[in-house]
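In: here is the input, now give the coordinates:
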Amino acid sequence: MLGGCGSSSTATSPTAVATPTPAGPARTTLSLNAVADQQVYSSNLTQLAPNQSFSVDFKLDRINTNPNAQFRYAIEFWFTRTTDPTVADPATDGMVLSLFQVQGNTWNVWIRHPGDTGYVSTGVQAQVAAGTQKTLRVVRGPNGDIGLFLDGASLVGVPMYKESTYVTVRLVGTGATFTFVPGATSTSVGSSRF
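Out: As a prediction, this is how the structure comes out:
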């Protein structure tokens, strides 16, 4: 199993609601909540193959603070070959982008590379305020590598296996809402790697 923070809890069947947008396909909204020292996983948001991209808007709804909490408050995006990230093997499967609260609205951006069992700092910090929408864009190159962008700014590029990857969210001690168009889009031929 992939290592993580806190004990596992199961989401109480989060409600996904598709809403049409004036200029495009229906968007899905998913709300998740994990109490302090607990974690919750979403269902798969999409599956990404090389030369595809995906965007998800997210909004931190709350931090479930507890003065006795042992684990950091986090919003994570998991990229795994396995459809269920809770049973994935970190030695062979997946990558994690982790945003965890440092203090107030300042969050550190860490990554767990495929084949690694620990997280490493990207050296990037992001401002994530409750109630403010952020956009994560994921772009896969032709060789499978992943480029990650937050509100249009590049976070990190990560070497990745060429097989398709499932995109899942994990929350630790936080509540958040995610809005996205299900499915991936093809990136244009000849576009930059990220």
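
In: burial count for residue 113?
Out: 17 (other Cβ atoms under 10 Å). Heads up, the C-betas are built off the backbone N, CA and C, glycines and all.

In: assign a three-state SS to residue 101, would you?
Out: strand (DSSP: H, G, I helix; E, B strand; the rest coil).

In: which strands and helices lie in contact with the biggest strand by length in the chain?
Out: As assigned by DSSP state E, the longest strand anywhere in the chain is strand 52-63. Where contact means 3 or more Cβ pairs under 8 Å, 6 or more residues apart in numbering; DSSP states H and E, strand 52-63 is packed against strand 24-33, strand 74-80, strand 133-140, strand 165-172, strand 174-180, strand 185-186.

In: next one: the residue most central in space within the chain from residue 65, what distance?
Out: Taking Cα atoms, centre = their mean, the centroid of the chain lies closest to residue 77, which sits 1.7 Å from it. As judged by Cβ to Cβ, to the nearest Å, residue 77 and residue 65 stand 23 Å apart.

In: residue ranges with poor pLDDT in this structure?
Out: By pLDDT under 70, the low-scoring segments of the chain are 1-23, 90-91, 187-194.

In: circling back: who does the residue nearest to the centre of the chain form a beta bridge with?
Out: residue 97, residue 169 (DSSP bridges).

In: ok, it to residue 92 distance?
Out: 19 Å.

In: for residue 134, same thing?
Out: Relative to residue 92, residue 134 is positioned 30 Å away (criterion: Cβ to Cβ).

In: between the two ends of stretch 154-168, how far is it?
Out: Using Cα to Cα, to the nearest Å, the span of stretch 154-168 from its first residue to its last is 20 Å.

In: ok, the closest residue to residue 183 other than its chain neighbours to residue 181 distance?
Out: Using Cβ to Cβ, 6 or more residues apart in numbering and skipping residues adjacent in sequence, the residue nearest residue 183 is residue 46, 5.8 Å away. According to Cβ to Cβ, residue 46 stands 9 Å off from residue 181.

In: do the same with residue 52
Out: Taking Cβ to Cβ, one finds residue 52 at 13 Å from residue 181.

In: picking up where we left off before, please compute how far the longest strand of the chain lies from its chain's middle.
Out: 7 Å (Cα atoms, centre = their mean, to the nearest Å).

In: for that strand, output the C-alpha coordinates as CSV.
Out: C-alpha atoms of strand 52-63 as CSV (Å, rounded to 0.1, in the frame of the first residue of the first chain):
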residue,chain,number,x,y,z
GLN,A,52,-3.2,14.0,-23.1
SER,A,53,-4.0,16.7,-20.6
PHE,A,54,-6.5,17.3,-17.8
SER,A,55,-7.6,20.3,-15.7
VAL,A,56,-9.3,20.4,-12.4
ASP,A,57,-10.5,23.4,-10.4
PHE,A,58,-10.4,23.0,-6.6
LYS,A,59,-11.4,25.1,-3.7
LEU,A,60,-10.3,24.5,-0.1
ASP,A,61,-13.6,24.6,1.9
ARG,A,62,-12.2,24.0,5.3
ILE,A,63,-9.3,22.9,7.4
